[in-house]
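S.K.: curious how this folds, go ahead:
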Amino acid sequence: MLWRYLLLMFGVFTGATAVIMIRQCSVHPSLLASYRQGVAAVVLLPLFLRDWRRRRATFGWPQVGMTVLPGLFLGGHFITWIIGARMTPPANSSLVVNMLPVVMPFLAYFLIREPLRKGELAGTAMAMVGVAVLAGQDFHLDRTSFLGDLICFGSMLLFAAYIALARRNREHIVSLWLYVVPIYAVGALACLAAALPQVSPLAVGGGRDWLMILGLGIIPTVMGHSILNYSMKHLRSQVVSIANLSQFIYAGIMGYFVERAVPGWAFYPASLLLIAGSVLALKSQPPAEREELAKDQAQAT
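M.R.: Below is the predicted model of the structure:
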């Protein structure tokens, strides 16, 4: 059993590498988001084809159509997170973009009419105080970092909308790979369409940028995705959800060694408030709903 926990933490670590590779890559945000999703779609294509052969009777254009809107939201999330991650310290961006559990109940209420609970409201309020503390310090010290915090917050909302759609579509998802691979393809094409008016599709600086593109597509997307989904099958869903919140710790450590980026004093109380708020929001949900939320988040990583 211990090795499964170690594997889970490795999966969370692979997810945290995304912000470092984004900051080390000079490719235009829309183009980088397109290539990242394109790489993931190509790598996972054999699994898509395997499941398509097995389930072609229940998989058709209606199921493909359900991936269009989630793909657009995911593409928007990747673009905005790349922009925000380049403007604020690695730990800040990872902390804000992973506060999904505290906003998910509200999106679920508006999209699928799930009732809100007192614990979710309290957890959200606590987490928002943490965001305010973090953004307040950046506003006074560095306006660019402050704007980056806000963009990462908006990126997190796009990601949460994507997860909410996955929950709404869950009864029609016949296979994980038949759902996420078309989403990556849609997101890649949408981001490419957004990039073309601004930059050439070949506007990649050199070998280092291509290495970062491949790394983003394979390490946090394919590897992190697969490990979190494996963990969902063998560990409690809340364990996976809370473990995934620790991405910002890895991002902060890597940011220090790679870029000598040291978070400001507000980062530490903000971290405690966001983690406490997320845990409170998660604990207020019945076990079945925690399972669904964690599963959907793992599928999207």
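
S.K.: name the helix or strand for Val19, please.
M.R.: helix 2-23 (DSSP states H and E).

S.K.: in that helix, what's buried?
M.R.: 7-8, 11-23 (16 or more other CB atoms under 10 Å). In this view, the C-beta of every residue, glycine as well, is placed from N, C-alpha and C.

S.K.: which of those lies closest to Ile253?
M.R.: Among those, Ala16 lies closest to Ile253 (CB to CB), at 8.7 Å.

S.K.: do you know how far the closest one is from Lys118?
M.R.: 32 Å (CB to CB, to the nearest Å).

S.K.: now do Leu8
M.R.: 30 Å.

S.K.: kindly report the same for Val64.
M.R.: Distance from Val64 to Lys118, by CB to CB: 40 Å.

S.K.: of those two, who's got more company?
M.R.: Val64 (14 against 9; other CB atoms under 10 Å).

S.K.: so what's the more buried one closest to, chain neighbours aside?
M.R.: The spatial neighbour of Val64 that comes closest, neighbours along the chain excluded (CB to CB, 6 or more residues apart in numbering), is Pro182 at 5.6 Å.

S.K.: surely the one you found touches Leu69?
M.R.: No - the criterion here is CB atoms under 8 Å, and Pro182 misses it with Leu69 at 11.7 Å.

S.K.: between those two, who's got more neighbours?
M.R.: Higher neighbour count among Pro182 and Leu69: Pro182, with 21 against 15, using other CB under 10 Å.

S.K.: what helix or strand is the more buried one on?
M.R.: helix 176-195.

S.K.: how far off centre is that helix?
M.R.: Centroid separation for helix 176-195 versus its chain: 15 Å, with CA atoms, centre = their mean, to the nearest Å.

S.K.: helix or strand right after it?
M.R.: Following helix 176-195 in sequence, per DSSP H and E, is helix 207-216.

S.K.: quick one: low-confidence parts of the stretch 101-250 of the chain?
M.R.: Along the stretch 101-250 of the chain, the model assigns pLDDT under 70 to residues 104, 108, 111-116, 120, 134-142, 229, 232-233, 236-239, 241-242.

S.K.: change it to 80
M.R.: Low-confidence segments of the stretch 101-250 of the chain (pLDDT under 80): 101-145, 163-164, 166-174, 225-226, 228-246, 248.

S.K.: Pro89 contacts Asp149, correct?
M.R.: No - applying CB under 8 Å, one finds Pro89 not in contact with Asp149, separated by 9.5 Å.

S.K.: ok so, going back, next, the angle helix 207-216 makes with the helix holding Val19.
M.R.: Interaxial angle, helix 2-23 versus helix 207-216 (axes from the mean of the first three to the mean of the last three CA atoms, to 10 degrees): 140 degrees.

S.K.: just the residues contacting helix 2-23, thanks.
M.R.: With CB atoms under 8 Å, 6 or more residues apart in numbering as the test, helix 2-23 has contacts from 32, 81-82, 85-86, 90, 93-94, 212, 215-216, 219-221, 223-224, 226-228, 230-231, 234-235, 239-240, 243-244, 246-251, 254-255, 258-259, 301.

S.K.: and the helix or strand following it, how far from the chain's centre?
M.R.: Once the chain leaves helix 2-23, the next helix or strand it forms, by DSSP H and E, is helix 29-55. The chain centre lies 16 Å from the centre of helix 29-55; the measure is CA atoms, centre = their mean.

S.K.: stretch 23-37 too?
M.R.: 15 Å.

S.K.: measure that stretch end to end?
M.R.: End-to-end span of stretch 23-37 (CA to CA, to the nearest Å): 17 Å.

S.K.: what residues sit buried inside that stretch?
M.R.: 23, 25, 27-37.

S.K.: backbone phi and psi for Leu69, please?
M.R.: As for Leu69, its main-chain torsions (degrees, to the nearest 10) stand at phi -60, psi -50.

S.K.: tell me the contacts of it?
M.R.: Neighbours of Leu69 in contact, by CB under 8 Å, 6+ apart: Leu165.

S.K.: report the separation between it and Ala193.
M.R.: From Leu69 to Ala193 the distance is 15 Å (CB to CB).

S.K.: so how far is Met21 from the spatially closest residue to Met223 that is not a sequence neighbour?
M.R.: Among residues not flanking Met223 along the chain, Thr14 sits closest, at 4.8 Å (CB to CB, 6+ apart). For Thr14, the distance to Met21 equals 11 Å [CB to CB].

S.K.: now Met126
M.R.: 31 Å.

S.K.: with Ala125 instead?
M.R.: Here Ala125 is placed at a distance of 34 Å from Met21 (CB to CB).

S.K.: and the residue nearest to Val102 when sequence neighbours are not counted, what are its phi and psi?
M.R.: The spatially closest residue to Val102, leaving aside those adjacent along the chain, is Ala127, at 4.1 Å (CB to CB, 6+ apart). Main-chain torsions, Ala127, degrees, to the nearest 10: phi -70, psi -40.
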